[in-house]
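Student: Quick check, what structure comes out for this input:
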Amino acid sequence: MTKKKALAEHLEVKPNEISQSSYDENTFELGNQEYLVLTDDEADQRTKEYIADSVWAFNSDFIIEHSSALDYDEASKKVIMAIAEQCESGNEAMKKLIDNFDEFAEDAISADGRGHFLSSYDGAEWKNGDYYIYRTN
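Tutor: Next up is the predicted model:
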């Protein structure tokens, strides 16, 4: 089964009603709806990339839990807040506070699921065959 067919089955439409996006081979459109369709490995990789790009936006307690340089005190929370206020520009500094990024990402996925990171529409993840589907708008 192809990604397009898996999505068509999930949406209960004909595959010819779905078009592949011109900017991403894993993104498909049905009218004004956009979907990301990935294998399990692709979904893991994309989620880790998303997490790596958005560490600055994580909850301070979650950052502290994964950092031996910080503690659950006011000073540590102020450090995190100062970096977080820089938004994307503070991301690399925030990542340096994390002891083990792979463990951090796995814990985030375990806590919230991949849909939380990949489905900006509703945070849901659907499975059809070997593919995972995320609505992105």
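Student: do you know how far the most centrally placed residue in the chain is from residue 96?
Tutor: Centroid check for the chain by C-alpha atoms, centre = their mean gives residue 117 as the closest residue, at 2.6 Å. Distance of residue 117 to residue 96, computed by C-beta to C-beta, to the nearest Å: 21 Å. All C-beta spots, glycine's among them, are computed from the backbone N, C-alpha and C.
Student: Could you count how many residues lie near residue 60?
Tutor: Neighbourhood size, residue 60 [other C-beta atoms under 10 Å]: 17.
Student: which phi and psi does the closest residue to it other than its chain neighbours have?
Tutor: Of all residues not flanking residue 60 in the chain, residue 80 sits nearest, at 4.3 Å (C-beta to C-beta, 6 or more residues apart in numbering). Residue 80 has phi and psi values of phi -60, psi -40 when expressed as degrees, to the nearest 10.
Student: what about residue 15, how many residues close to it?
Tutor: Number of residues near residue 15 (other C-beta under 10 Å) recorded here: 13.
Student: With residue 33 instead?
Tutor: 13.
Student: Contact partners for residue 97?
Tutor: Shown in contact with residue 97 (C-beta atoms under 8 Å, 6 or more residues apart in numbering): 63, 67, 69-70, 79-80, 83.
Student: got it, and residue 60?
Tutor: Counting by C-beta under 8 Å, 6+ apart, residue 60 touches 76-77, 80-81, 84.
Student: now residue 11
Tutor: Residue 11 makes contact with 18, 30, 35 under the criterion C-beta under 8 Å, 6+ apart.
Student: hey, where'd the helices end up in this protein?
Tutor: For the chain, applying DSSP state H gives helices covering 3-11, 40-53, 60-65, 74-84, 91-96, 101-112, 114-118.
Student: Quick one, which of the contacts of residue 60 are buried?
Tutor: Neighbour-count burial (16 or more other C-beta atoms under 10 Å) applied to these gives 76-77, 80, 84.
Student: between those residues, which is nearest residue 53?
Tutor: Top of the list for closeness to residue 53, among these and by C-beta to C-beta, is residue 84 at 14.1 Å.
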